[in-house]
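Participant: A predicted structure for the sequence below; I have some questions about it.
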Amino acid sequence: MKNRNIEILDCTLRDGGYYNNWNFNQNLIQDYLLAIAKTNIKYVELGFRFSEKDKIKGPTAYTTEKLINSLRIPKNLLIGVMVNAGDLLTNKSSALKNCKKIFENLKKSKIKFVRFACHYEEVFYLKDCISWLKENDILVCINIMQISEINKTKINKVCNFLKKTETDVLYMADSLGSLTSKSTRSISDEFRKNWNLDLGLHAHNNLKLAKNNALVANKNGVRWIDCTLTGMGRGPGNLKTEDILKTLNISKEMKKFIDKIIKKHFLLLKKRYKWGPNKFYALAAKNRIHPTYIQKLISDKRYKESDYLNIINFLKKTGAKKFNPYKLINSSYFLSSSPKGKWNPKKILKNKNILIVGSGDSVQKNKNKIQNFVLKNNLFVICLNTTSSIEEKLVNLRVACHPMRILSDIEFHKKTASKLVIPFSMMSKKIRNSITIKKSSILDYGMFLKYEDKINIKSNYCVLPYPLAVGYSLSVALAGNVKKIYFAGFDGYKIEDPDKDNTNQILEFFRKKYFKKKLPTLTNSNYRSSLRLFKN
């Protein structure tokens, strides 16, 4: 590599956390820092600095001062964190206030740089935040996402704005992974015309061009280059740390330390989470589709590979540059855009005391206790999906709402005697034809997904923010005007599950809007803000 004027920033534990919910253990983090310190990398983005209001992610999602101070940070490493600008702009006038809140101990902190991840329009609200960080001797980077979608006029405007701030590094993030050598050169040229200070590139590997684009950018005057060990990062991942170091002709000694940390920790993670480029990520990049859609498709067993192309085609037509997790099923391919249903739950649920049973292991452990409680109190039992920890003769209804989950569980539902509540009439004809259950066993209660923190329950359908059976079952219960609701089997989640917060959120939405107080659960639960243990 001819141009040695380069600063490498390793962001493995920040970007890699999209796969394991930032649940890196202390030993891995320490080993990682010691290994990176043996190379010529001096900038390490240790993680995000999310709000700790709902602490439901692993340690490098919050990268607290407590975590940082517990680590032995080599003297030759400069530690930083990333902040999503959107998190500061819930009230645009309070960006600085929010920034000070998440960095309240900055004067005593070991943090040396902060990088803001911004959509184009968010940059213009960060001037005061940048000034305050610079007053505290923090190196500030502005990371503009979806750089492939920004035209020359916007590049000129954002650069002129940032010139009036004390921003140190202006980063171009290839969020959609669609950059090629030609477009990388063109975009970096345009930034170079308008920006005299350091430029950086965060390259994604959708098209297997991350390394090539980084080299092209560096040759074109881009000094800062991001990388991660084994390319670990959202979607197909990033430029590999080991690849960029190899290009810089690192010593055998340096390579030994990197190979050792990869073998000890990251190969196991890659085997489990399977990041890396494939034909679907490439197709998404070419069609300007956010890579997280593909990551979700691949990791969710409810989707089959034969469905991927149809889903990608739908996303291409509707526009999917920003990730909206509910677009995957709230579409003409899965659910109709008109909320509807043919069944009113009041017909069988009115004034009943019910038990909603989840899939947690606690049900099996407390099986006899739960069954005795059901019989003693004459409870109407609703089980989610294929939950089968209590005797089937006690189950009155089953509910399921995710189309792919319903299809994958068809054989189970065909064998059970209980009726099944699903949003049948809202499903596409193709999916309805695949549901080979007796129509007399189906109760058709609609579900429409709206990407807002709102719930609306009607007599024959509901509007929910998440496609979760627990929310759907609560909607059925409330539409049915039940008398009392108990829970069992909502044990909680494993911290490494990136999607684990949805159940907690939807329980909270329901509790605040309809119940005001915590709901009783017959088994222990981690959802303590919404559920309280019922002692009879």
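Facilitator: Arrived safely.
Participant: Can you classify the residue lying closest to residue 303 once chain neighbours are set aside as helix, strand or coil?
Facilitator: Excluding its sequence neighbours, the residue lying closest to residue 303 (Cβ to Cβ, 6 or more residues apart in numbering) is residue 297, at 4.9 Å. C-beta: built from backbone N, CA, C; applies to glycine. Under the three-state scheme (DSSP: H, G, I helix; E, B strand; the rest coil), residue 297 adopts helix.
Participant: Now do the contacts for residue 297.
Facilitator: Counting by Cβ atoms under 8 Å, 6 or more residues apart in numbering, residue 297 touches 280, 303, 307-308, 311, 328.
Participant: In these, find the pair that's most separated.
Facilitator: Using Cβ to Cβ, the contacts of residue 297 span at most 13.4 Å, a distance reached by 280 and 328.
Participant: Specify the residue ranges that define each domain of this protein.
Facilitator: Listed by automatic domain parsing, the domain ranges of the chain are 7-273, 283-323, 346-533.
Participant: how about JSON lines for these, with mean pLDDT and distance to residue 335 added?
Facilitator: Output for the domains of the chain, formatted as JSON lines (pLDDT from 0 to 100; distance: least, Cβ to Cβ, whole Å):
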{"stretch": "domain 7-273", "mean pLDDT": "95", "distance to residue 335": "25"}
{"stretch": "domain 283-323", "mean pLDDT": "82", "distance to residue 335": "12"}
{"stretch": "domain 346-533", "mean pLDDT": "90", "distance to residue 335": "5"}
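Participant: Of the contacts of residue 297 - the most surrounded one?
Facilitator: Among the contacts of residue 297, residue 328 has the most neighbours (other Cβ atoms under 10 Å), with 25 neighbours.
Participant: pLDDT score for that residue?
Facilitator: According to the prediction, residue 328 has pLDDT 67.
Participant: same question, the one 4 residues further on
Facilitator: Note for residue 332: predicted pLDDT of 56.
Participant: Make 471 the starting number, not 1.
Facilitator: Understood, numbering begins at 471; the last thing we discussed is residue 802.
Participant: any chance of the contacts of residue 767 in a markdown table, plus distance to residue 844 and secondary structure?
Facilitator: Shown next, in a markdown table, are the contacts of residue 767 (distance: Cβ to Cβ, whole Å; DSSP: H, G, I helix; E, B strand; the rest coil):
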| residue | distance to residue 844 | secondary structure |
| --- | --- | --- |
| 750 | 45 | helix |
| 773 | 35 | coil |
| 777 | 38 | helix |
| 778 | 42 | helix |
| 781 | 40 | helix |
| 798 | 35 | coil |
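Participant: What is the nearest of those to residue 568?
Facilitator: Closest to residue 568 out of those is residue 798 (30.5 Å), distances taken as Cβ to Cβ.
Participant: now the domains of the chain in JSON lines, with distance to residue 810?
Facilitator: What follows is these, written out as JSON lines (distance: least, Cβ to Cβ, whole Å):
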{"stretch": "domain 477-743", "distance to residue 810": "34"}
{"stretch": "domain 753-793", "distance to residue 810": "20"}
{"stretch": "domain 816-1003", "distance to residue 810": "5"}
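Participant: just so I know, which of those lies nearest residue 804?
Facilitator: Closest approach to residue 804 among these is made by domain 816-1003 (4.5 Å; Cβ to Cβ).
Participant: quick one: residue 861 and residue 991, what's the gap?
Facilitator: Relative to residue 991, residue 861 is positioned 20 Å away (Cβ to Cβ, to the nearest Å).
Participant: can you check residue 783 too?
Facilitator: Using Cβ to Cβ, we find residue 783 at a distance of 42 Å from residue 991.
Participant: who has more neighbours, the two?
Facilitator: Using other Cβ under 10 Å, the more surrounded residue of residue 783 and residue 991 is residue 991, with 25 against 13.
Participant: Find the residue closest to residue 682 in space, skipping its chain neighbours.
Facilitator: residue 651 (6.1 Å).
Participant: residue contacts, that neighbour?
Facilitator: By Cβ under 8 Å, 6+ apart, the contact set of residue 651 is 679, 682-683, 686.
Participant: Helices - which of these land there?
Facilitator: Under the assignment DSSP state H, the contacts of residue 651 contribute 682-683, 686 to helices.
Participant: can you pick the most crowded of those residues?
Facilitator: For the ones in helices among the contacts of residue 651, neighbours were counted using other Cβ under 10 Å, and residue 683 has the most, 27 neighbours in all.
Participant: Could you pull up the contacting residues of that one?
Facilitator: 644, 649-651, 654, 671, 673.
Participant: and those, which are buried?
Facilitator: For the contacts of residue 683, a burial check counting by 16 or more other Cβ atoms under 10 Å picks out 644, 649, 654, 671, 673.
Participant: surely residue 687 meets residue 658?
Facilitator: Yes. Using Cβ atoms under 8 Å, residue 687 is in contact with residue 658, at 5.2 Å.
Participant: So for those two, which residues contact both of them?
Facilitator: Listed as contacting both residue 687 and residue 658 by Cβ under 8 Å, 6+ apart are 642, 669, 671.
Participant: Looking at strand pairing, list the partners for the first one.
Facilitator: When you say that, I think you mean residue 642. Legend: beta-bridge partners of residue 642 under DSSP bridges are residue 614, residue 671.
Participant: from what I can see it touches residue 668, true?
Facilitator: No. Counting by Cβ under 8 Å, residue 642 does not reach residue 668; the two are 11.6 Å apart.
Participant: neighbour-wise, which of the two wins?
Facilitator: Comparing residue 642 with residue 668 by other Cβ under 10 Å, the one with more neighbours is residue 642, at 28 against 18.
Participant: For the helix or strand hosting residue 741, list the C-alpha coordinates in PDB.
Facilitator: Element membership for residue 741, per DSSP states H and E: helix 737-743. In PDB, the C-alpha atoms belonging to helix 737-743 read as follows (Å, rounded to 0.1, in the frame of the first residue of the first chain):
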ATOM      1  CA  LEU A 737     -14.300 -17.700  15.000                       C
ATOM      2  CA  LEU A 738     -16.800 -19.200  17.500                       C
ATOM      3  CA  LEU A 739     -18.900 -16.100  17.200                       C
ATOM      4  CA  LYS A 740     -18.800 -16.200  13.400                       C
ATOM      5  CA  LYS A 741     -19.800 -19.800  13.400                       C
ATOM      6  CA  ARG A 742     -22.800 -19.000  15.500                       C
ATOM      7  CA  TYR A 743     -24.000 -15.800  13.800                       C
END
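Participant: Could you list every helix and strand in contact with it?
Facilitator: Where contact means 3 or more Cβ pairs under 8 Å, 6 or more residues apart in numbering; DSSP states H and E, helix 737-743 is packed against helix 487-490.
Participant: close enough to count as contact, residue 915 and residue 944?
Facilitator: No. Taking contacts as Cβ under 8 Å, residue 915 lies outside contact range of residue 944: 12.0 Å.
Participant: Burial check on residue 631, number of neighbours?
Facilitator: Neighbours around residue 631, by other Cβ under 10 Å: 15.
Participant: Going along the chain, name the strands of the stretch 571-720 of the chain.
Facilitator: Counting by DSSP state E, counting those that start in this stretch, the segments of the stretch 571-720 of the chain that form strands are 581-588, 609-614, 639-643, 668-672, 694-697.
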